[in-house]
Each structure stands twice: as C-alpha cells, then as structure tokens.
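> for reference, the sequence and a predicted model appear below.
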Amino acid sequence: MGTTQKQDKTLKMDNKGKAGCGCLVGILIILMIFLGLGFHPVSLKTFAKVFRYGDPIVTADVVFVPRFPEDKNGELYADAFREYFAGNGRAIYAENEKMTGNDISNTLNEMARARGVREKIVRTISTGGTDDDNRPSLIKNKLRSAGMKKVIVIVPEYASRRYHVMYSRETSGVLYMIKPLKVSYFQSDHWWRDDISRGLMAREAYHSLKYCFEFLKKQFGK
C-alpha cells in the first residue's frame, strides 16, 4: 500500500516537472526573441516562427474559432467554413463575447447564408464577462458538455504556440488540433518593421509569459 502511494506521488511530481519544463522553455524562447531584436533580420524572422505551431488535421466534430478582435475581415471565420466544406468538421463554433459592438452572431449567420450553409451549423460560445485567464477553461468545458471529442481550433499563426500550450493540457479525453492560419494583418516575414505586427508580437509574448507564470504558480506555489 505504501509503495503504491509513493509511486503515485512520484508520478504526480514527474508530470508537474514535465509541464513546468514546457513553460520554462517557452519563457526562454520569448526572452531570446526580445534579446534578438538587435540581431540580423534573418534571425528575427526565425524567432517569429517559434510562435507558430500546427497539428496534423483529421476529421473532427467541430471547427472552433476563438475571438481575435484584430481579425476585422473575418479571415479566421472564412477558414472555418473552408474546413467545413472540406469535410473536416460537422459544425462551426465561435467564441462570442456578446458585448456591445462585439456580438459576432449576425456576422457568422450572414457568412453562412452567403455560402449556402444552414444557420444551425454555426453556433457561438458566450464568454462575455469572463476574464482572459479563465476563458480557455470555460470554452473547453462547454465543448466537452456538448459532447465534442475532436476539435479543430483555428487561430492566427502568431498565437498558435500559446493555444497549443493551453489546449494540450486537456485531460478530459477531448482531442484539440491547432491550425495556424496565415492572416493578412500579420507580416511574419518582417514583423519588426510593421507597427501592427510588432504590436501583436509584443501582446502575444506578454500573454504567453503570463500564462506560463500563472501555470507555474498554480503547480509549485501551493
């Protein structure tokens, strides 16, 4: 009995160590990016690729699109419809803040009608009033409650690594596949020269560091 408890304790420590190492590696990568701001453009271009992550895509129950306010032309939603028509998802879900000026239900319904897609195929997950730190958990709980087992998550390429870290820790048996999308408002080849792209990289670095520190604090600060 004592041996079993000892083994369980060791296993938990090992899992914490692996998760912690993953976040520490992420922190080191981000610090390298900031240190690399004075490097050659080739190095800066390479550093930007560190933020990119993609999973092999297989047929899923749903294609999910998180909310990105900078996606003003709906490029992420358009790609979700492409995945739907390709047979990679039976429905499209999107995060909806349902706040003044941020309710995307009508936009999605219009996109569905323009493509001949039944409106019931497109649904939203309300996260209005939920802080950024708790949104992933809320979304994952709602997708799991809806019976989803495989989910394609479409995000801009610069945010794909962070979403992989957030969703890969799912332990409820739901498979999340991250699809990074190259969007027009982020210039990956020369992000340091473009104001919008530079701002997005800075924001992404901040959110990535914040997530890692919060995760480590929960794991080792008890």
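Sure, I can see it. Numbering: from 1, shown residues only.
> average pLDDT across the helix or strand hosting Glu83?
In this structure, Glu83 sits in helix 75-85 according to DSSP states H and E. Summarised as a single mean, pLDDT over helix 75-85 is 97.
> not counting its neighbours along the chain, what's nearest the residue nearest to the spatial centre of the chain?
Taking Cα atoms, centre = their mean as the criterion, Tyr163 is the residue nearest the geometric centre of the chain, at 2.7 Å. Of all residues not flanking Tyr163 in the chain, Val155 sits nearest, at 5.0 Å (Cβ to Cβ, 6 or more residues apart in numbering). Any C-beta I mention is one placed from the backbone N, CA and C, and that applies to glycine too.
> what is the helix or strand that neighbour falls within packed up against?
For Val155, the element it lies in under DSSP H and E is strand 150-156. Taking 3 or more Cβ pairs under 8 Å, 6 or more residues apart in numbering; DSSP states H and E as contact, the helices and strands that strand 150-156 lies on are strand 62-65, helix 75-85, helix 160-168, strand 175-181.
> sorry, back to before: neighbours of the residue nearest to Tyr163, how many?
Val155 is flanked by 24 other residues according to other Cβ atoms under 10 Å.
> how much space separates Thr130 from Lys142?
Spatial separation of Thr130 from Lys142 under the definition Cβ to Cβ, to the nearest Å is 11 Å.
> residue ranges with poor pLDDT in this structure?
1-47, 98-102, 169-171, 219, 221-222 (pLDDT under 70).
> can you show me the helices along it?
In the chain, the helices defined using DSSP state H lie at 2-35, 41-49, 75-85, 105-114, 135-145, 160-168, 195-220.
> residues of the fourth one that come out buried?
Taking 16 or more other Cβ atoms under 10 Å as the basis for neighbour counts, the residues of helix 105-114 that come out buried are 108, 111-112.
> nearest to Ser126, of those?
Minimum separation from Ser126 among the buried residues of helix 105-114 (Cβ to Cβ) is found for Leu108, which lies at 13.1 Å.
> I'd say that closest one and Leu76 touch.
No - under the criterion of Cβ atoms under 8 Å, Leu108 is not in contact with Leu76, lying 11.1 Å apart.
> how many neighbours does Thr127 have?
Burial measure for Thr127: 21 neighbouring residues, criterion other Cβ under 10 Å.
> how about the contacts made by it?
With Cβ atoms under 8 Å, 6 or more residues apart in numbering as the criterion, the residues that contact Thr127 are 67, 95-97, 135, 138-139.
> can I get those in a markdown table including neighbour count and distance to Cys212?
Output for the contacts of Thr127, formatted as a markdown table (neighbours: other Cβ atoms under 10 Å; distance: Cβ to Cβ, whole Å):
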| residue | neighbour count | distance to Cys212 |
| --- | --- | --- |
| Arg67 | 17 | 22 |
| Glu95 | 21 | 22 |
| Asn96 | 20 | 27 |
| Glu97 | 18 | 25 |
| Arg135 | 17 | 17 |
| Leu138 | 15 | 20 |
| Ile139 | 23 | 19 |
